[in-house]
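*Asks:* Give me a model of this one.
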Amino acid sequence: MKYIHTKSKKPKYFSLLIVPHSNNIKQLKIATWVPKFLILLITIILSTTGFLFYAYRELKNEYLAKLDELDYVSNVNLRQKAEIETLRQKTAEIQEKLDAISTFQETIKNMVGLKDNKKEKKATNSSRSGNSFFKEKLILEELDNSITSQMDDLSKLLDNSKEELSKLIVDVEKRLKYLDAKPNLMPTEGRITSGYGYRRNPFGRGREFHKGLDIANKPGTKIKAAGSGVVTFAGYYGGYGKVIIISHGYGYQSIYGHNKKLFVKVGQHVKKGEVIAEMGNTGRSTGPHLHFEIRYYGKPVNPKNIINNYE
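*Replies:* Numbering: from 1, shown residues only. Modelled structure (predicted):
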């Protein structure tokens, strides 16, 4: 018995019968690859839709996270802006106090007769343009930079003020020492009977140059040192009678003549206003009075230009 193998062919089409209610049956011949293509197409569409939906959700979540971060940063910026504004106000207050200190320094200098030194001040300001969050950020940076600049300026001003205060203390101490030594105190009470300059000679004819002030009062009136210094002479000296000479430094000397009693001796340090003698009528004198002279680097000067309370 002999078998013959025959190779069966796969059909390229399949039939789709459409049976309506009428008797006309329709037959559609569909290629076998069409269902496979449709299945593949649906699979691709479903996969793409799923991927797009997943990507959308991820983007949405990322966007919401960015919004939260933006709100947080905006709140931080607002808080920092408020803190910087507060710092700016405090900086302005410090600046006002520094100005007050500077004014106080100038007042002290004027009180003691020191020359003033002018200080330089500078201010900075700038502007920028922007949008939304970045505009606020730029403003914040601008405030930060401005505050930093102002703090640097204040730091320099504080350093300068510290140096100036230290220098002012030294200058004031020197000035006070000078003012204490300067013979600018009226040495006694009484009536000025003769001033500095030419006058009629009280002992004869003609005129003579009077080198000081004559202040008359009753004998025993207290005579005070016109300024602090060291007694360089205390004794009897010709027409001056009993006289005291005080060296005050800075080129000044003061001379007190015609005294009745002397209370100091050579080499003694005396303070301004300290009683050094009693008024008398010794030497070449016409009556009880004090002959008071001031010399500057050895030359007589007008006491009226030196004494503060001269009347």
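
*Asks:* how about the host helix or strand of residue 192 as CSV, C-alpha atoms only?
*Replies:* In the assignment (DSSP states H and E), residue 192 maps to strand 191-194. Extracted C-alpha coordinates of strand 191-194, given in CSV (Å, rounded to 0.1, in the frame of the first residue of the first chain):
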residue,chain,number,x,y,z
ARG,A,191,38.7,148.7,90.0
ILE,A,192,40.9,148.9,86.9
THR,A,193,42.7,152.2,87.4
SER,A,194,45.2,151.9,84.5
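
*Asks:* Give the pairing partners of the next helix or strand after that strand; include direction for each.
*Replies:* Proceeding N to C from strand 191-194, the next assigned helix or strand is strand 197-200, under DSSP H and E. When pairing is defined by DSSP bridges, strand 197-200 lines up against strand 207-210 (antiparallel).

*Asks:* What's the mean pLDDT across the one helix or strand residue 102 maps to?
*Replies:* Assigning secondary structure by DSSP H and E places residue 102 in helix 33-112. In this model, helix 33-112 has a mean pLDDT of 88.

*Asks:* List the contacts of the residue lying closest to residue 271 once chain neighbours are set aside.
*Replies:* Excluding its sequence neighbours, the residue lying closest to residue 271 (C-beta to C-beta, 6 or more residues apart in numbering) is residue 228, at 5.0 Å. From N, CA and C alone the C-beta is placed, and that goes for glycine too. Residue 228 makes contacts with 180-181, 248, 269-272, as judged by C-beta atoms under 8 Å, 6 or more residues apart in numbering.

*Asks:* Now do the buried residues in the one helix or strand residue 243 maps to.
*Replies:* For residue 243, the host element (DSSP H and E) is strand 242-249. For strand 242-249, the neighbour count (16 or more other C-beta atoms under 10 Å) marks 242-248 as buried.

*Asks:* Turn those into JSON lines, columns for distance to residue 34 and pLDDT.
*Replies:* Formatted as JSON lines, the buried residues of strand 242-249 follow (distance: C-beta to C-beta, whole Å; pLDDT from 0 to 100):
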{"residue": "242", "distance to residue 34": "148", "pLDDT": "96"}
{"residue": "243", "distance to residue 34": "145", "pLDDT": "97"}
{"residue": "244", "distance to residue 34": "141", "pLDDT": "97"}
{"residue": "245", "distance to residue 34": "139", "pLDDT": "97"}
{"residue": "246", "distance to residue 34": "135", "pLDDT": "97"}
{"residue": "247", "distance to residue 34": "133", "pLDDT": "97"}
{"residue": "248", "distance to residue 34": "129", "pLDDT": "97"}
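
*Asks:* and the helix holding residue 102, how far out from the chain's middle?
*Replies:* Centre-to-centre, helix 33-112 and its host chain are 35 Å apart (C-alpha atoms, centre = their mean, to the nearest Å).

*Asks:* How about stretch 245-258?
*Replies:* The chain centre lies 44 Å from the centre of stretch 245-258; the measure is C-alpha atoms, centre = their mean.

*Asks:* Go through the buried residues of strand 242-249 and say which is closest to residue 204.
*Replies:* Distance to residue 204 across the buried residues of strand 242-249 (C-beta to C-beta) is lowest for residue 243, with 22.2 Å.
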